[in-house]
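S.K.: What follows is a predicted protein model with its sequence.
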Amino acid sequence: MIELESRTPERLDRLLEVWERSVRATHLFLSGGEVEVIKTYVPQALGEVPRLVTAEDEAGLLAGFLGADGRRLEMLFLLPEARGKGLGRALLQYGMDRYGLRELAVNQQNPQARGFYEHMGFHVYRRTETDEQGGPYPLLYMKL
């Protein structure tokens, strides 16, 4: 795990690539156009999230990242080929141990993510009909 101190444009571009590949593989409820619109906001989110931690694959290449704000997980994305290898678990466990992460929100239409978080000990305590931008994507708020 590497805690990012500096967020260079090159590094942010690599994180954005991981985000996009992850979202296209897991957020099948979004159209390609919707992904493109959301993508315009991601660099700002990556630049503003207080804690950003990256993880590398066996070859030493960027394979995923976690963003945290206080005790809340704001983002966790992995390259599709990195899924199922323990990297997401390692990132989340690092955040739980290092930052005391205890809550998060996940799209209801992303059942694999919900299952992963439940496996890690989180449970749903609230549901909304829309996402935080008012889009028609219900969110499940989870905590340990």
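M.R.: The structure has been received and is ready for your questions.

S.K.: and the helix or strand hosting residue 68, how far from the chain's centre?
M.R.: Using DSSP states H and E, residue 68 sits within strand 62-69. The chain centroid and the centroid of strand 62-69 are separated by 7 Å under CA atoms, centre = their mean, to the nearest Å.

S.K.: contacting residues around it?
M.R.: Residues outside strand 62-69 that contact it (CB atoms under 8 Å, 6 or more residues apart in numbering) are 14-15, 18, 22, 45-46, 49-57, 73-79, 81-82, 87-88, 91-92, 94-95, 99, 101. Glycine gets a C-beta too; all of them are placed from N, C-alpha and C.

S.K.: helices or strands up against the longest helix seen in the chain?
M.R.: Secondary structure of the chain per DSSP state H: the longest helix is helix 9-26. Here helix 9-26 touches helix 32-39, helix 42-48, strand 62-69, strand 72-78, going by 3 or more CB pairs under 8 Å, 6 or more residues apart in numbering; DSSP states H and E.

S.K.: hmm, 10 Å instead?
M.R.: Taking 3 or more CB pairs under 10 Å, 6 or more residues apart in numbering; DSSP states H and E as contact, the helices and strands that helix 9-26 lies on are helix 32-39, helix 42-48, strand 51-56, strand 62-69, strand 72-78, helix 111-119.

S.K.: that older thread, the contacts of strand 62-69, buried ones only, as a ChimeraX selection?
M.R.: Only the buried entries of the contacts of strand 62-69 go into this ChimeraX selection, using 16 or more other CB atoms under 10 Å:
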select :15,18,22,46,49,51,52,53,54,55,73,74,75,76,77,78,79,82,87,88,91,92,94,95,99,101
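
S.K.: mind giving me JSON lines with the helices and strands packed on helix 9-26 and columns for mean pLDDT and distance to residue 5?
M.R.: Formatted as JSON lines, those follow (pLDDT from 0 to 100; distance: least, CB to CB, whole Å):
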{"stretch": "helix 32-39", "mean pLDDT": "85", "distance to residue 5": "25"}
{"stretch": "helix 42-48", "mean pLDDT": "90", "distance to residue 5": "13"}
{"stretch": "strand 51-56", "mean pLDDT": "92", "distance to residue 5": "9"}
{"stretch": "strand 62-69", "mean pLDDT": "93", "distance to residue 5": "14"}
{"stretch": "strand 72-78", "mean pLDDT": "95", "distance to residue 5": "18"}
{"stretch": "helix 111-119", "mean pLDDT": "92", "distance to residue 5": "28"}
